[in-house]
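Asker: need the 3D shape of this:
(chains A and B)
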Amino acid sequence: MRLHAAYSVFLSLIASTLPLSASAGTAAFTDPAGGQHFIWVDTNQHIQQLYWNGQAYGEQDLTAAAGAVSVMVGTGIGAFVDPSSSAQHFVFIGSDQHLHQIFFWNQAWGGTDFTNETGAPVPATGSGTATFIDPAGGQHFVWVDTNQHIQQLYWNGQAYGEQDLTAAAGAVSVMVGTGISAFVDPSSSAQHFVFIGSDQHVHQIVWNQTWSGTDFTAATAAPVPAGGALSIGGQQSGSQLPIFAPQSTTTLYAACNDQDGPIPYCNLTLQAGYYDNTNGHTHTNMQAPLSEISPGSGRSDGSGNLVVTLTTTRVGHQETIYECDTDHNICSVNDYLVGFSGLVLVNGSAQAILVGATPYHGNDNYYNHWMTTNALVGLSDTISAFLGAHPGQGQVALNDMALPYGGVFDLNRNWTSPHVSHDFGTAADVRGNTAQAAIPVSLQEQYRQTCLQNGAIDARIEYATPGDTDGYVQDPRRHIHCRWAY
Amino acid sequence: MRKAIAILLAFAVKCVSQQPRVALSPVPFWPKDGVVTVEYDDQNIFYSPSTDELIIRYQQQGATVVQRIALGNQADPDYSVSVSRMGTNKYSYTYRVLNKPSAKAPLSDILVGLGEHDSTLAVQSSGAVSVKEDHALTHFGVPAELAPVLVDAKPPQPALAGPAPDTVDLVIQSQLRPGFVFAAAESVVDELANAHALSEVPEPLRSQAREKINSPWLHKQSITLGPRFGDLATPQAVAIDYLTNLTRLVRAGVLPKDSQFVSYITGMLQGLVQSEGSITIPAGLEEVLSKAVTPFEKEIAAALLMAFASN
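Answerer: Here you go, the predicted structure:
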């Protein structure tokens, strides 16, 4: 659920005292007296409520009021008012990974641990929640379990019922990390449960005296939900280590320290080294070029600092500076990465398979499919548009993009790159030979043009054989290369 | 109160606590006597290792202003982990973290980064515990392969007027196979004081200081054993990850260079990597436990066996 624009105005006014959790969901309802309720999760993972009675705002920490557990990070909240009792219900996944509700009824706050009380399946850590009341007054509480199935509890005033709606409807499982919503259609009393499937299609499960399902994306050819033809793989390159760009120069400060601080005039040595097998470089046939730390030795000054300069090479991988205080014979390792932070792993899809893994670079398509988010959006849009215009193609095959931190992509395992435009995560190749999902020669120019129409600053059909420009030689290395500016 | 980061070394506590300590920093070290010499007169941001503060120094209305931002590497944790199998495709990681008497501040959080997302994750702690899916991306500048998900465990609530608890017990049950992951402890610092100090700093210096606060080299960082590899991790990827981190541990002096155990498993894992996918179980894997001598080597050996068991 997204923060409604109208709510965001006043929520921003109180942000200094009631900060929103980074991953907070929101909920809202109108109570029988006409009061408007706006609900969110704060940075302490407490449920907060603002209500507007037409004249003034009131604010409450519902978690504190009910003595409830805090909300699990990354989960949604649901809320409704039961017209039969005027009770207000607030449903959430607790930090104990149980489904809970807080309720306000008869002027008192209370809570229910549904998971404990009913033994229902445990929610997934990133589960959304949804709630509604059916025309018979039954209360419905909906979540996603750890198998990514939609589960429902309903309360008819006397007993709980529990159902696995995914199993009942024979539906696909829910895509990890996505929300759910649910409603009842007053005209038919049909209950609808809407979700993003693991196939990246929008689906609904419907109860209308029998269970059924609809794949909206397939049925309507509506746009594929978030991610388009491709999705980000849930990982981003980088680490807790410092990261320095390839071919960059950085000033650093070395020191020997005692309990009072840096020791003046201390003798130090520094040496750079690198780790084998990092950033997808699984070839060790020849030494990689080494970044330089300069000077390699010296005395700290009167303030205790030895100023040094680190100059990196074009190779992206994990390196270290081995630093020794030679007066006290104490050394330390200072690991860092050379590369570009912020590249994201590209996931394949039904429309775009990942290919091109080689033994020299991890032997796994994990290592050669990293991009900037801007380039990924451009590529995804390109593929969607191209396949939309040429439905017979069905899918494309994505070959090399960049290594996880970028830097030299040395196809020939020699630490130099024939592939220089792949150093930055801004370029992607698609197959143009005769292998699976390759774009045929007759459509390659259209694909190239589609890249340019979707923001690429360079797009070309490339051949391994010099002079092979007639477009009809079945060169096994033939591909279409598109590059974005950043 | 804000929790600041004091990264702990699971099995390298001795390295961290050694004094004097040789260090590398992205900003100059703050001199012992607090007197900035002429060669650093144009510098605004310093690091004080003795007080674990970022020190921001600037001119305002003709006067030199000095603001101090506590980073909070003040916990001195003693930390242990054991890994066991819980039936098919499920592992239990048990951590005990004791803040030693020499600590300058109480523990506020223990953080363990998972190698991947895990929908079956279950966590239990002696205090409150939560799973933070996005935390790593924003808080540490640690996206990625080492910690896309953080488990955050707090010490138990102190008794009224009692001392702050000094131990955190954490159990993580996960389907992720064991490998080396990021782990950290946070100690308590005064967030209000930090916020006040930062708010006084003019832009763009304030933004520069914020960036330096998150600089990894200003926090003691290391690795420990934890939930690391999902079903899709290839044997080669597992081997590469172990090799890289074993190299780190040797270079850091945590594992001795002449350890026969390290030599044995390094050769074994390199053999798998160099097989270019033709073998999926390292040759000689069944021998690793017998090669391990120290308790830590035995933990690594046990983890390695479990990491390859599903392949």
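Asker: so the host helix or strand of residue B:244, near chain A or not?
Answerer: Per DSSP states H and E, residue B:244 falls inside helix B:235-251. Yes: contact of helix B:235-251 with chain A (C-beta under 8 Å from any C-beta of the partner chain) involves B:236-237, B:240, B:243-244, B:247-248, B:251. Yep, even glycine has a C-beta here, placed from its N, CA and C like the rest.
Asker: run the chain-centre distance for that helix.
Answerer: 16 Å (C-alpha atoms, centre = their mean, to the nearest Å).
Asker: pull the contacting residues for residue A:51.
Answerer: By C-beta atoms under 8 Å, 6 or more residues apart in numbering or on different chains, the contact set of residue A:51 is A:31, A:35-38, A:57-58, A:60.
Asker: kindly recompute the last result at 7 Å.
Answerer: Residue A:51 makes contact with A:35-37, A:58, according to C-beta atoms under 7 Å, 6 or more residues apart in numbering or on different chains.
Asker: what count of nearby residues applies to residue 194?
Answerer: Picked chain A for this. Close neighbours of residue A:194, defined as other C-beta atoms under 10 Å in any protein chain shown, add up to 18.
Asker: the intended chain is chain B.
Answerer: For residue B:194, using other C-beta under 10 Å, the count is 22.
Asker: which SS state does it fall under?
Answerer: helix (DSSP: H, G, I helix; E, B strand; the rest coil).
Asker: can you give me the distance of it to residue A:79?
Answerer: Distance of residue B:194 to residue A:79, given as C-beta to C-beta, to the nearest Å: 35 Å.
Asker: do residue B:88 as well
Answerer: For residue B:88, the distance to residue A:79 equals 39 Å [C-beta to C-beta].
Asker: same check on residue A:309?
Answerer: Distance of residue A:309 to residue A:79, given as C-beta to C-beta: 57 Å.
Asker: give the contact list for the residue of the stretch 301-450 of chain A found nearest chain B.
Answerer: Residue of the stretch 301-450 of chain A nearest chain B, by C-beta to the nearest C-beta: residue A:359 (3.6 Å). Counting by C-beta under 7 Å, 6+ apart, residue A:359 makes contact with A:282, B:276-277.
Asker: the same query, at a cut-off of 6 Å, please.
Answerer: Contacts for residue A:359 (C-beta atoms under 6 Å, 6 or more residues apart in numbering or on different chains) come out as residue B:276.
Asker: repeat for residue A:109
Answerer: A:65-66.
Asker: element containing it, please.
Answerer: Going by DSSP H and E, residue A:109 is part of strand A:108-113.
Asker: which residues touch stretch A:246-263?
Answerer: Taking C-beta under 6 Å, 6+ apart as the rule, stretch A:246-263 contacts A:244, A:266, A:268, A:300, A:304-306, A:308-312, A:314, A:316, A:323, A:325, A:338, A:407, B:19-25, B:28-29, B:32, B:49-50.
Asker: could you do stretch A:144-153 as well?
Answerer: Residues outside stretch A:144-153 that contact it (C-beta under 6 Å, 6+ apart): A:114, A:120-122, A:124, A:127, A:140-143, A:160, A:162-166, A:173-174, A:193, B:119-120.
Asker: biggest strand in chain B, by residue count?
Answerer: Of all the segments of type strand in chain B, defined by DSSP state E, the longest one is strand B:177-189.
Asker: could you pull out the helices for the stretch 1-150 of chain A?
Answerer: Listed in chain order, the helices found in the stretch 1-150 of chain A under DSSP state H, counting those that start in this stretch are A:5-13, A:62-66, A:114-118.
Asker: swap in the stretch 351-486 of chain A?
Answerer: Going by DSSP H, counting those that start in this stretch, the stretch 351-486 of chain A shows helices at A:373-389, A:441-453.
Asker: reformat those into TSV and put mean pLDDT and distance to residue A:367 next to each item.
Answerer: Below are the helices of the stretch 351-486 of chain A laid out as TSV (pLDDT from 0 to 100; distance: least, C-beta to C-beta, whole Å):
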stretch	mean pLDDT	distance to residue A:367
helix A:373-389	86	16
helix A:441-453	94	23
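Asker: buried deepest among the ones you listed, which one?
Answerer: Stretch with highest mean neighbour count among those: helix A:373-389 (a mean of 21; mean count of other C-beta atoms under 10 Å in any protein chain shown).
Asker: let me know whether it sits next to chain B.
Answerer: No: judged by C-beta under 6 Å from any C-beta of the partner chain, helix A:373-389 and chain B are separated, with a smallest distance of 12.2 Å.
Asker: just the CA trace of that helix, in PDB.
Answerer: C-alpha atoms of helix A:373-389 as PDB (Å, rounded to 0.1, in the frame of the first residue of the first chain):
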ATOM      1  CA  THR A 373      19.700   0.700 -12.500                       C
ATOM      2  CA  ASN A 374      19.400   3.300 -15.200                       C
ATOM      3  CA  ALA A 375      20.800   0.900 -17.800                       C
ATOM      4  CA  LEU A 376      18.600  -1.900 -16.500                       C
ATOM      5  CA  VAL A 377      15.500   0.200 -16.900                       C
ATOM      6  CA  GLY A 378      16.500   1.000 -20.500                       C
ATOM      7  CA  LEU A 379      17.200  -2.600 -21.300                       C
ATOM      8  CA  SER A 380      14.000  -3.800 -19.700                       C
ATOM      9  CA  ASP A 381      12.000  -1.300 -21.700                       C
ATOM     10  CA  THR A 382      13.900  -2.200 -24.900                       C
ATOM     11  CA  ILE A 383      13.100  -5.900 -24.500                       C
ATOM     12  CA  SER A 384       9.400  -5.300 -23.600                       C
ATOM     13  CA  ALA A 385       9.000  -3.000 -26.600                       C
ATOM     14  CA  PHE A 386      10.900  -5.300 -29.000                       C
ATOM     15  CA  LEU A 387       9.000  -8.400 -27.900                       C
ATOM     16  CA  GLY A 388       5.700  -6.500 -28.100                       C
ATOM     17  CA  ALA A 389       6.500  -5.600 -31.700                       C
END
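Asker: give me the contact list for it.
Answerer: A:228-230, A:344, A:346, A:351-352, A:393, A:396, A:426, A:428, A:447, A:450-451, A:454-455, A:484, A:486.
Asker: among those, which are in strands?
Answerer: Of those, the ones assigned to strands by DSSP E are A:344, A:346, A:352, A:396, A:428.
Asker: got a winner among the residues you listed for most neighbours?
Answerer: Neighbour counts for the ones in strands among the contacts of helix A:373-389 peak at residue A:428, which has 30 neighbours (criterion: other C-beta under 10 Å).
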